[in-house]
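Novice: fold the following for me, if possible:
(one chain, ligands or ions: 1)
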Amino acid sequence: MAVIPVDVAGRPYEVRVGAGLLAELVTHCRGRLRKRPVPIITDANVHAAWGQVVAKALTDAGHEPRWRILPPGEGSKSWEQLAATVDWLLAEEVERGDHILALGGGVIGDLTGFAAAIVKRGCHFIQLPTSLLAQVDSSVGGKTAINTAAGKNLVGAFHQPALVLADLAVLDTLPARELRSGYAEVVKYGLIGDADFFAWCDANGAAMLAGDAALREYAVAHNVAAKARIVAEDERETSGTRALLNLGHTFGHALEAETGFSQRLLHGEAVALGMVLAARYSARRGLMPHASAEHVARHVTEAGLPSDVSALGLNCDGTALSAHMLHDKKMDAGTLPFILMKGIGEAFLAKDVELSDIAAFLDEELAR
Ligand code: GLY
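Specialist: Numbering: from 1, shown residues only. As a prediction, the model looks like this:
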């Protein structure tokens, strides 16, 4: 097992990475769970796969699990589910000293974290991420949110978990498409600032996706350590360091919006394609060698992720696609900061990107 400290000021916590952590949940929580009902928020798919393991771990140690089981999917990150979840926590008489458990992927973590942030002005919560994407990215760092009609993650709070337990055993029951989708966020860490890790992905990504346990532990722990460093340096995304984690996300969110945040394009698939677009746009501006951008595209394709926007069958042009970006929460005085690359492992924050130029680039990509 790897234990990675996240040194956020005033609220440091640990991310534990290893196989079998859910079955040993109470031991790893080390006294945080009180002899009171333990609220657990999850979705129906995760509950079917892991509910019994978690319930047994709790009841064997004398705790009483109380479940709130939400419909799977992005639709649960809504005002309606937030309100119903908060009402449920209040009906359960949750106290500030309790720890709410978030058992699921990014949707459950984001919704539960936001509910925990606002119930009684802030309760503790523990992230039990059950997707690769949540393990390497969304469960760490305290970003919590819901989606609204105006866009994704536009309402939320920074609220750090008290603990993250990333049980690698859950990856064995994850559908292959979900696993690949999470792999996009793994590759992202290499592209941002770690060319050696991108080379590791080239050499080991396929075996990791195929199920090699040691490679999975290495990748998750390595990525969590990278994220922990970034979050410790720039918790609230004010200095530009944490913004690098948005590589591929501005293009990706626009693609998700255009496809209706649906199963047609999963978040990680959108990020994978978004990273390819960021690389190709960087190359088009002469910032990054074209060969490096095509290396990124090849890696993404070989991982079974989308790398070609024209293959999505979108019924829109570059202007319509870039219009989704106007709702991006990173908009600053009318301009949108973009994460671009000077090379593999050399991402940077660009503040001089014109949306009209992005629209023209997307028109070229849509016609590719
Ligand atoms: N997922 C990006 C971040 O945590 O900042």
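
Novice: ok and the residue in the stretch 151-300 of the chain nearest the ligand?
Specialist: Closest to the ligand within the stretch 151-300 of the chain is Leu245: 3.9 Å, counting by Cβ to the nearest ligand atom. From N, CA and C alone the C-beta is placed, and that goes for glycine too.

Novice: spatially nearest residue to that residue, not counting backbone neighbours?
Specialist: Nearest non-adjacent residue to Leu245, counting by Cβ to Cβ, 6 or more residues apart in numbering: Ile230, 6.4 Å away.

Novice: any weak-confidence spans in this structure?
Specialist: Counting by pLDDT under 70, the low-confidence segments of the chain come to 334.

Novice: going along the chain, name the strands of it.
Specialist: Counting by DSSP state E, the chain has strands at residues 2-6, 13-18, 38-43, 65-70, 99-104, 124-129, 143-148, 151-158, 163-167, 338-341, 347-350.

Novice: list the contacts of the spatially closest residue to Thr241 that is not a sequence neighbour.
Specialist: Counting by Cβ to Cβ, 6+ apart, Asp234 is the residue found nearest to Thr241 once chain neighbours are left out, at 3.9 Å. Asp234 makes contact with Gly240, Thr241, Arg242, Ala243, according to Cβ atoms under 8 Å, 6 or more residues apart in numbering.

Novice: quick one, phi/psi of the first one?
Specialist: For Gly240, the backbone dihedrals (degrees, to the nearest 10) come out as phi 100, psi -20.

Novice: need the nearest residue in space to it, chain neighbours excluded.
Specialist: Here the residue nearest Gly240, using Cβ to Cβ, 6+ apart, is Leu349, at 4.8 Å.

Novice: how many neighbours does that neighbour have?
Specialist: Leu349 has 16 neighbours, counted by other Cβ atoms under 10 Å.

Novice: can you tell me how far it is from Pro5?
Specialist: 26 Å (Cβ to Cβ, to the nearest Å).

Novice: picking that back up, for Ala145, see how far away the residue nearest to Thr241 is.
Specialist: Asp234 is 18 Å from Ala145, by Cβ to Cβ.

Novice: same deal with Ile108?
Specialist: From Ile108 to Ala145 the distance is 13 Å (Cβ to Cβ).

Novice: the more surrounded of these two?
Specialist: Under the criterion of other Cβ under 10 Å, the comparison of Ile108 against Ala145 puts Ile108 first, with 30 against 22.

Novice: contacting residues around the more buried one?
Specialist: Counting by Cβ under 8 Å, 6+ apart, Ile108 has contacts Ile41, Thr42, Asp43, Val46, Leu70, Ser76, Ala102, Thr130.

Novice: again, but for Glu346
Specialist: Gly193, Ala195, Met288.

Novice: the last one contacts Ser282, doesn't it?
Specialist: What that stands for is Met288. Yes. Using Cβ atoms under 8 Å, Met288 is in contact with Ser282, at 4.0 Å.

Novice: Leu312 and the ligand, how far apart?
Specialist: Relative to the ligand, Leu312 is positioned 23 Å away (Cβ to the nearest ligand atom, to the nearest Å).

Novice: how many other residues sit next to that residue?
Specialist: When neighbours are counted by other Cβ under 10 Å, Leu312 comes out with 17.

Novice: quick one: it and Leu265 touch, right?
Specialist: Yes. Checked against Cβ under 8 Å, the pair Leu312 and Leu265 is within contact range at 6.9 Å.

Novice: which phi and psi values does the most far-flung residue of the chain relative to its centre adopt?
Specialist: Distance from the C-alpha centroid of the chain, by Cα atoms, centre = their mean, peaks at Gly62 (32.7 Å). Main-chain torsions, Gly62, degrees, to the nearest 10: phi 90, psi 20.

Novice: list the contacts for it?
Specialist: Counting by Cβ under 8 Å, 6+ apart, Gly62 touches Lys35.

Novice: hmm, try it at 10 Å
Specialist: Val26, Leu33, Lys35 (Cβ atoms under 10 Å, 6 or more residues apart in numbering).

Novice: pull out the buried members of the residues you listed.
Specialist: Val26, Leu33 (16 or more other Cβ atoms under 10 Å).

Novice: going by distance to Gln135, which of the contacts of Gly62 wins?
Specialist: Nearest to Gln135 among the contacts of Gly62 is Val26, at 20.2 Å by Cβ to Cβ.

Novice: how much space between the residue nearest to the closest one when sequence neighbours are not counted and Ala23?
Specialist: Nearest in space to Val26, with sequence neighbours left out and distances taken as Cβ to Cβ, 6+ apart, is Ala61 at 4.0 Å. Separation of Ala61 from Ala23 (Cβ to Cβ): 11 Å.

Novice: and for Pro289?
Specialist: Pro289 is 48 Å from Ala23, by Cβ to Cβ.

Novice: cool, and Gly10?
Specialist: Going from Gly10 to Ala23 by Cβ to Cβ gives 32 Å.
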